[in-house]
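S.K.: Provide a 3D model corresponding to the input given below.
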Amino acid sequence: MITKHSAIVITCAVIISATILLLTFIHPKPDYTYTIIKTKAGWGYDILQKGQVVIHQEYIPAVQSLQGFPSKEQAEKTAGLVISKMRSGGFPSVTNAEINEILKEH
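M.R.: You can find the predicted model right below:
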């Protein structure tokens, strides 16, 4: 037998769930793209949201020196990683280990 308290809890849970679903469809997560840029230091990237640059990265992130990526492919892979983190709600940073892995691949 459902008590009055249980009915209230269930009703609230249904309302909260419906609200979350509705807000997800009304406010979709922003979509990001990237462009690869050639710089004096090598290769870099821009992360764009709705066509506007939100991150301009001329140098390899998480590295002490100001050096660009040696290859266009490394810049693309890093930009893709950053976008993946942003799409999942994470901070758009990369670690030394992630950068070392990308640099080692090419």
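S.K.: what about the helices in the protein?
M.R.: With DSSP state H applied, the chain shows helices at 4-26, 72-87, 96-105, listed in chain order.
S.K.: okay, these, which one's buried deepest?
M.R.: Mean neighbours per residue, mean count of other CB atoms under 10 Å, is largest over the helices of the chain for helix 72-87, with a mean of 18. Placement of C-beta: from N, CA and C, glycine included.
S.K.: Save the helices of the chain as CSV, and put in distance to residue 64 too.
M.R.: Shown next, in CSV, are those (distance: least, CB to CB, whole Å):
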stretch, distance to residue 64
helix 4-26, 41
helix 72-87, 16
helix 96-105, 10
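S.K.: just checking, residue 93 touches residue 55?
M.R.: No: between residue 93 and residue 55 there is no contact under CB atoms under 8 Å: 10.2 Å.
S.K.: Which neighbours do the two have in common?
M.R.: residue 82 (CB atoms under 8 Å, 6 or more residues apart in numbering).
S.K.: Looking at these two, which has the bigger crowd around it?
M.R.: Using other CB atoms under 10 Å as the criterion, residue 93 and residue 55 rank with residue 55 on top: 17 against 10.
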